[in-house]
Each structure stands twice: as C-alpha cells, then as structure tokens.
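S.K.: A structural model of the following input is requested.
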Amino acid sequence: MTTTAATTLTAQLLQRSLPHIPSYGFTQRCVAASNPDVAAHTISSLFPGPDTASTSAPRRLFHAYDEHALHSVLPSLDEGAGREVRMSPPSEQEERKRYDDVVEKLVERLRRSWDVRGALVDGLANEARHPITHLLPLGRWSFDTIPTPLPLLQRSQAITARILTHPSLRYAESDTTQWYATRARLAFAFVVAELHVASQRAECEASQDLLRRVAHARDTSVLSDVLRLRGDANEWIRWGGRGWVGTLRSWGL
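M.R.: Model (predicted):
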C-alpha cells in the first residue's frame, strides 16, 4: 500500500469510527468494530505502537474527535472568506461581546467532550502520557504511567486558538498581547472544565458553568481562580487536581 493510499484509508477508518466512540471509547477496538470489512492486521499496521504513541489508534482517534468537535461548533466559511478589516478599534462594549461569544463557543465545545465523557479519562490520560524508553541512572522508572499536564494544556491552547482566530467571531488579531493573554486564560478555563467533565460525577451544566466562571474571573492569577472555585470543582480536585495545582505552583502561576 502506498503512503498516499495508507493516509487516505486511515482518515476513512477514523471518520467511520467517530459515531461509535461513546460505545467503544478511544480504542483500536472502536476502529475495528466500526470497520468490519478491514482486516485486523491492516488496522494494526495503520495504527502502530502502544496506546500512548502518537501513531496509535487511541490517540489518533482522540485527535480526530477533537477536529470533528471543533467543526461542529464553528460555522463553515465561504470560499475566500477572510477576517473583517477594521477601520477603528472596537468599543469596550463590542470587545466584551466578542469575548463572551468566544467563551460560549468554548462552552459548546465542552459539550462535545461531555458527549464522550465515558471515554474521556482514557483519552486525556493517553494524551498526557508519553512512553520514555531510556532509564535514569538512579533506578528504573515507569515514566509512561506518570501524567504531565503540559500536553493537555497545549491541546487546550490549540482548541482555544482555533476558536479565537475564527473569522466569524471577529476577536482581536493574533499578534497582540491581549490575544495571547486571552488565549492563556481561556485555555486554562477549558482544561479545568474538561477535567471536571472527566470526573463523571457532575452534570454538564455544572462543568460549563465552571468554564464560564474561570473565564470571567477578575483575579489576575489563574491559579487563584481555580483555588477559589475549588468548592465547585470538588470532583476535578479528586480526579487529580492536587497534582496539577502542585505543578502549576512550580511554574509560578
């Protein structure tokens, strides 16, 4: 099979698998069950490596669902559509309205995570773990079992950036200080709310409200936002937030 044919077939298999994620999760089994006409050895060759590998079925399916979820909440653009050309800066009221629109798009995107909440923990865990084959001189360590928040924060930043830069929302240009500050706050709000969804012990509306509260909090420290909201995010803290808070403190947040 040529590289082009393999790429095309992989995309087709992932697309067919999306509706079956709630039943089978982000797994190679999901791909196999969704494509019964494709031989098992073909699927294995298209998705090599352990679950934490970037080429694996679980991670590629997770990324495909991310793309599908974004397309479902962002309006499609006409061919050649571009960003509005501003003749003057927006008013404070208009700027606030645009920010609110971005937050509500993130709230919609969070709903798509809720739709697959049964599989979300495994999807996030695979994303946050990367296999490390070498050993430290001080002893043997199983680093593929130690999660790091960095990949999840990077993913959340990418999701947020896609929404912020969508022409339909007419937010600030992406080369401004305001844009980067907004992305940082909203990306953190999204990842906190998604972890809250992953706890599976709260209604979707509670997780969406948490996202809004972090996004609209006035404290300059994102960490203080989360700590102040700890009572409302109890399930997130139990799911693993204590380790995250420690990591964030070590970054000086």
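
S.K.: rest of the way, CA atoms for contacts and neighbours
M.R.: OK.

S.K.: ok, residues contacting stretch 108-120?
M.R.: Applying Cα atoms under 8 Å, 6 or more residues apart in numbering, the contact partners of stretch 108-120 are 21-22, 24-26, 69-70, 73, 190, 193-194, 197-198, 200, 204, 208.

S.K.: 6 Å instead?
M.R.: 22, 25, 69, 198 (Cα atoms under 6 Å, 6 or more residues apart in numbering).

S.K.: grab the nearest non-local neighbour of residue 126.
M.R.: Leaving aside its chain neighbours, residue 126 sits nearest to residue 52 (4.9 Å; criterion: Cα to Cα, 6 or more residues apart in numbering).

S.K.: state the helix or strand in which the one you found lies.
M.R.: Applying DSSP states H and E as the criterion places residue 52 outside every helix and strand.

S.K.: number the chain from 551, please
M.R.: With 551 as the first residue, the last one maps to residue 602.

S.K.: ok, it to residue 618 distance?
M.R.: 21 Å (Cα to Cα, to the nearest Å).

S.K.: pLDDT below threshold where in the chain?
M.R.: Within the chain, the ranges that satisfy pLDDT under 70 run 626-639, 680-698, 722-724, 750, 768-803.

S.K.: all helices for it, in order.
M.R.: Assigned by DSSP state H, the chain shows helices spanning 553-567, 571-574, 578-584, 590-596, 607-623, 642-665, 667-678, 700-714, 727-748, 754-766, 772-778, 784-786, 792-800.

S.K.: burial measure for residue 667, as a count.
M.R.: A count of nearby residues for residue 667, using other Cα atoms under 10 Å, gives 22.

S.K.: ok, now which ones touch residue 741?
M.R.: Contacts of residue 741 (Cα under 6 Å, 6+ apart): residue 706.

S.K.: for residue 610, see how far away it is.
M.R.: Applying Cα to Cα to residue 741 and residue 610 gives a distance of 19 Å.
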